[in-house]
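> need coordinates for the following:
(one chain, ligands or ions: 1)
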Amino acid sequence: MNDTTFVWAPPPVPSLPVRRLAARAPVNRLFFVGRNYHAHAAEMGKPVDKASERPFYFTKSPTTLVESGATIAYPSETSSFHHEMELVLVIGAAGFGVSEADAHRLVYGYACGLDMTRRDLQLAARDKGRPWDTGKDVEQSSIVSEIVPMPGVVLEHGALSMSVNGQVRQQSDVSRLIWNVRELIADLSRFYHLQPGDLIFTGTPEGVGPVVPGDRIDGHIEGIGEIRLQIAEAG
Ligand code: MN
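Modelled structure (predicted):
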């Protein structure tokens, strides 16, 4: 029984389809790993020395979630809307301060993701030491494919590629992650009590670049699946 009344309709629960299941996966939080492939860190002018650094993170609102296959409007206040193709790790069990050896227990599965970015605003904020929110927490900017359930599986390899209008832009392999799946779960769980439905976008490889209205993005991760996105005129 629920007697709560609201002054407006509560927002819908964000969720994603799960391969071979009728039930959908409710989504809790969206975490993003910054600079987790050496070649991308270098193209951003910020190389990573794993020996002396830890990974860093940013978040987006779950309301930015969009399903693969959608058409999104080109966002306002940017002239450099970039694609970032990423492996998405789906958390399926709670954990805090998890060791690398136990990290697999939190894995529910994986998906393909696009971390769409107002690159001009992100870099301006970065260079002024300001928060990245208007560059990264962009409406309709977190595109995710269906989730592939792989409970307890630590993905270590898998070719990743994406194209714009059929031309390949990004091509790499999950084995080139600077901080791998076990290391990311262990590190992030020192800051957050990870929960089922938390998604971790594990970082983008090199080859990021702009899209314009009319562009079509197609992405693929070996062993996981496909992602598609169409960019429309500003809405
Ligand atoms: Mn990213």
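
> for the closest residue to Val13 other than its chain neighbours, what are its contacts?
Spatial nearest neighbour of Val13, chain neighbours left out: Pro26 (5.2 Å); criterion: CB to CB, 6 or more residues apart in numbering. For glycine as for every other residue, the C-beta is placed from the backbone atoms N, C-alpha and C. Listed by CB atoms under 8 Å, 6 or more residues apart in numbering, the contact set of Pro26 reads Val13, Pro14, Ser15, Gly197.

> let's see the PyMOL selection covering just the buried ones among these.
Buried subset of these, written as a PyMOL selection, criterion 16 or more other CB atoms under 10 Å:
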select buried, resi 14+15+197
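
> how about CSV for the contacts of Pro26, with distance to the ion and pLDDT added?
Converted to CSV, the contacts of Pro26 look like this (distance: CB to the ion, whole Å; pLDDT from 0 to 100):
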residue, distance to the ion, pLDDT
Val13, 24, 96
Pro14, 19, 98
Ser15, 22, 98
Gly197, 20, 98
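
> partners of the one helix or strand Gln170 maps to, with directions?
For Gln170, the element it lies in under DSSP states H and E is strand 167-173. Here strand 167-173 has these sheet partners by DSSP bridges: strand 159-164 (antiparallel).

> is there proximity between the strand it pairs with and the ion?
No. On the criterion CB under 5 Å from the ion, strand 159-164 is out of touch with the ion, staying 12.5 Å away.

> contacting residues around that strand?
With CB under 8 Å, 6+ apart as the test, strand 159-164 has contacts from 83, 85, 87, 114, 168-174, 205, 209, 211, 215-222, 227.

> endpoints of stretch 137-156, how far apart?
With CA to CA, to the nearest Å as the measure, the ends of stretch 137-156 fall 28 Å from one another.

> mean confidence for that stretch?
On average, the pLDDT along stretch 137-156 is 98.

> buried ones in that stretch?
The neighbour-count check on stretch 137-156 (16+ other CB under 10 Å) flags 137-150, 155 as buried.
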